[in-house]
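# after the sequence you'll find the predicted model.
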Amino acid sequence: MVSEFMLQQTPVARVLPVHEQWLARWPTPADLAAEPTGEAVRAWGRLGYPRRALRLHAAATAIVERHGGEVPSAYDDLIALPGVGDYTAAAIASFAFGRRHVVLDTNVRRVFARTVQGVEFPSASVTKAEREVATELLPDDDATAATWAVAVMELGALVCTASNPRCAACPVAEQCTWRASGYPAYDGPPRKVQTWAGTDRQCRGRLLAVLRDADGPVHRSRLDAAWSEEAQRVRCLASLVEDRLVVHAGADTYALP
DNA sequence: CATGCGTGGGG
DNA sequence: TCCCCAAGCAT
């Protein structure tokens, strides 16, 4: 569950060391739930999207309150937890508990887009037809379905990659529609790339990094020095407070919660 | 359904 | 150098 939260939009290589330290410090949900949320934010480090740290902490708290401290195995219980959506609920139920679920992440979607649909990339959002294909291909029994889910996902992550796929090493290359049709280039709507320089997201990251790297509360002037554009800085600090990633500690000081 | 939300590595 | 991302979620 911890790894799934961390892997939501963050590459595996960057997750590994943080995941290891996290589990050494908080081996159970109760251990994490007993800490202030700010400790989770600090331990999250530079994985990005720090709201995931708050959600993981909130999920740990909910697990203690609603499930006796044990991570639930049922999809419906999992998806009811903060920060757990369809993918994460299915992944935990399947990978950790061996249940039969359609695990549909970006890697799996790409594998099916190529092998079944014959296109280079899947659509921007999951379609009904796409989910039906994934459901139909899923093996019937729990154990085989769970193995299938992790196998297809690894295939997408390691072989059927977004760029420079290693088709020579692909076990289903002979069955791949995209390959059979001569690797037609992607011709859908342009895939959106998120801007970064000068955005609120960058500003928030800078501000939070100051607090993360400090031992205790920091003076407003330290935050002022981290971002020169005042209106944006003020707006972003307010949004961080609103998001509970930062608290107003004193008259002119801020801290992690 | 589109948008906002971090970060640093690789092509 | 610069661009494109990488195992989503909540709103």
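Sure thing, it's come through.
# spit out the contact partners of the closest residue in space to residue A:38 that isn't next to it in sequence.
Nearest-residue entry for residue A:38: residue A:256, 3.1 Å, with adjacent residues in sequence omitted and distances by C-beta to C-beta, 6 or more residues apart in numbering. Yep, even glycine has a C-beta here, placed from its N, CA and C like the rest. Taking C-beta atoms under 8 Å, 6 or more residues apart in numbering as the criterion, residue A:256 is in contact with A:36, A:37, A:38, A:39, A:41, A:42, A:211, A:212, A:245, A:246, A:247.
# again, but for residue A:29
Residue A:29 touches A:59, A:60, A:61, A:63, A:64, A:69, A:70, A:71, counting by C-beta under 8 Å, 6+ apart.
# got the phi and psi for the residue nearest to residue A:38?
Main-chain dihedrals, residue A:256, degrees, to the nearest 10: phi -70, psi 150.
# out of the contacts of residue A:29, which sit inside helices?
If you go by DSSP state H, the contacts of residue A:29 have A:59, A:60, A:61, A:63, A:64 in helices.
# from these, pick the one nearest residue A:84.
Nearest to residue A:84 out of these is residue A:59 (C-beta to C-beta; 6.5 Å).
# check contacts around the nearest residue to that closest one once chain neighbours are set aside.
Closest residue to residue A:59 apart from its sequence neighbours, by C-beta to C-beta, 6+ apart: residue A:81 at 4.3 Å. By C-beta under 8 Å, 6+ apart, residue A:81 lies in contact with A:58, A:59, A:62, A:63.
# these into JSON lines, with extra columns for distance to residue A:185 and pLDDT?
Shown next, in JSON lines, are the contacts of residue A:81 (distance: C-beta to C-beta, whole Å; pLDDT from 0 to 100):
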{"residue": "A:58", "distance to residue A:185": "43", "pLDDT": "98"}
{"residue": "A:59", "distance to residue A:185": "41", "pLDDT": "98"}
{"residue": "A:62", "distance to residue A:185": "45", "pLDDT": "98"}
{"residue": "A:63", "distance to residue A:185": "46", "pLDDT": "98"}
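# near DNA strand B, which residues of chain A are found?
Within reach of DNA strand B by C-beta under 7 Å from any atom of the strand, chain A has these residues: A:9-11, A:13-14, A:46-51, A:124-125, A:163-164, A:192, A:194, A:196, A:199-202, A:204-206, A:208-209, A:239, A:245.
# and those residues, which are buried?
A:10, A:47, A:50, A:204, A:205, A:208, A:245 (16 or more other C-beta atoms under 10 Å).
# between the ones in helices among the contacts of residue A:29, which is nearest DNA strand B?
If you rank the ones in helices among the contacts of residue A:29 by distance to DNA strand B using C-beta to the nearest atom of the strand, residue A:59 comes first, at 16.4 Å.
# what sits against the closest one?
Going by C-beta under 8 Å, 6+ apart, the list of residues near residue A:59 reads A:1, A:5, A:29, A:81, A:82, A:83, A:84.
# keep only those of those residues that are in helices.
Going by DSSP H, the helices hold A:5, A:29 from the contacts of residue A:59.
# how far away is residue A:134 from residue A:157?
16 Å (C-beta to C-beta, to the nearest Å).
# and for residue A:148?
Taking C-beta to C-beta, one finds residue A:148 at 15 Å from residue A:157.
# cool, residue A:117 as well?
Taken as C-beta to C-beta, the span from residue A:117 to residue A:157 is 19 Å.
# before we move on, what about residue A:50?
Distance from residue A:50 to residue A:157, by C-beta to C-beta: 24 Å.
# look up phi and psi at residue A:254.
Backbone geometry at residue A:254, expressed as degrees, to the nearest 10, gives phi -130, psi 160.
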